[in-house]
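Enquirer: Please find the sequence and the predicted model below.
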Amino acid sequence: MANFITVIRFLLTPVFVYLVFTPYRLVAVLVLVGATLTDWLDGLVSRTIGEITDFGKLADPLADRILVLSAGLAIYLRYQALIPLWVVLIIAGREVLLSLGYVFMLKKKNVKMEVSWLGKTATAIIFLSLILLLLYPSAGLVVLYIGVILYLLAGLDYLVKAVKM
């Protein structure tokens, strides 16, 4: 069941990207909210029924990275005049580094790094900013800057923890 929910997140990502470039911003917001909720829901279901699979261990963080990168890039392309490129590069760079680090930790050390409170908060703020950028671009930009700062701090936190392992 949890894996099915993760697959839904994969499927909602291109739907969201498409909707960003249409007049249906509210529908895009609803799809993004739905995709974001699947991240929370698959984890809850997995822990509740004890359904932890190798597929889920790989697919869940991959679906997260793809959603963040795709949503961020789509919104950047839609609002290029508002969002500086460096913001997108920071988000994309952190996502790529986290993905590579995650794969390295699994392959070399067979260790799964737990998601930190700071990491969860940073991701939630980034998603909130993406939603706000679609509805209220100026407010969304302020929240995006806060999210980027938290994203960087969370990335540094993960790096420090990985080095200590």
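Expert: Okay, I see it.
Enquirer: going forward, measure contacts between C-alpha atoms and count neighbours the same way
Expert: Noted.
Enquirer: Centre of the chain to the lengthiest helix in the chain, how far?
Expert: If you go by DSSP state H, the chain has its longest helix at helix 137-164. Offset of helix 137-164 from its chain centre (CA atoms, centre = their mean, to the nearest Å): 12 Å.
Enquirer: Not counting stretch 43-55 itself, show me its contacts.
Expert: Contacts of stretch 43-55 with the rest of the structure, by CA atoms under 8 Å, 6 or more residues apart in numbering, involve Met1, Ala2, Asn3.
Enquirer: which element follows the helix or strand bottoming out on mean pLDDT in the chain toward the C-terminus?
Expert: Scoring the helices and strands of the chain by mean pLDDT, DSSP states H and E places helix 85-104 at the bottom, with a mean of 85. Using DSSP states H and E, the helix or strand that follows helix 85-104 in sequence is helix 117-135.
Enquirer: residues of that following helix that come out buried?
Expert: By 16 or more other CA atoms under 10 Å, the buried positions in helix 117-135 come out as 118-119, 122-123, 125-134.
Enquirer: Which neighbouring elements make contact with it?
Expert: Applying 3 or more CA pairs under 8 Å, 6 or more residues apart in numbering; DSSP states H and E, one finds that helix 117-135 makes contact with helix 25-49, helix 54-78, helix 137-164.
Enquirer: ok so, going back, got JSON lines for the buried residues of helix 117-135, with distance to Thr22 and pLDDT too?
Expert: Listed next are the buried residues of helix 117-135 as JSON lines, based on distance: CA to CA, whole Å; pLDDT from 0 to 100:
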{"residue": "Leu118", "distance to Thr22": "34", "pLDDT": "91"}
{"residue": "Gly119", "distance to Thr22": "31", "pLDDT": "86"}
{"residue": "Ala122", "distance to Thr22": "28", "pLDDT": "91"}
{"residue": "Thr123", "distance to Thr22": "25", "pLDDT": "88"}
{"residue": "Ile125", "distance to Thr22": "24", "pLDDT": "95"}
{"residue": "Ile126", "distance to Thr22": "22", "pLDDT": "93"}
{"residue": "Phe127", "distance to Thr22": "20", "pLDDT": "92"}
{"residue": "Leu128", "distance to Thr22": "20", "pLDDT": "95"}
{"residue": "Ser129", "distance to Thr22": "19", "pLDDT": "95"}
{"residue": "Leu130", "distance to Thr22": "16", "pLDDT": "94"}
{"residue": "Ile131", "distance to Thr22": "15", "pLDDT": "95"}
{"residue": "Leu132", "distance to Thr22": "17", "pLDDT": "95"}
{"residue": "Leu133", "distance to Thr22": "15", "pLDDT": "94"}
{"residue": "Leu134", "distance to Thr22": "11", "pLDDT": "93"}
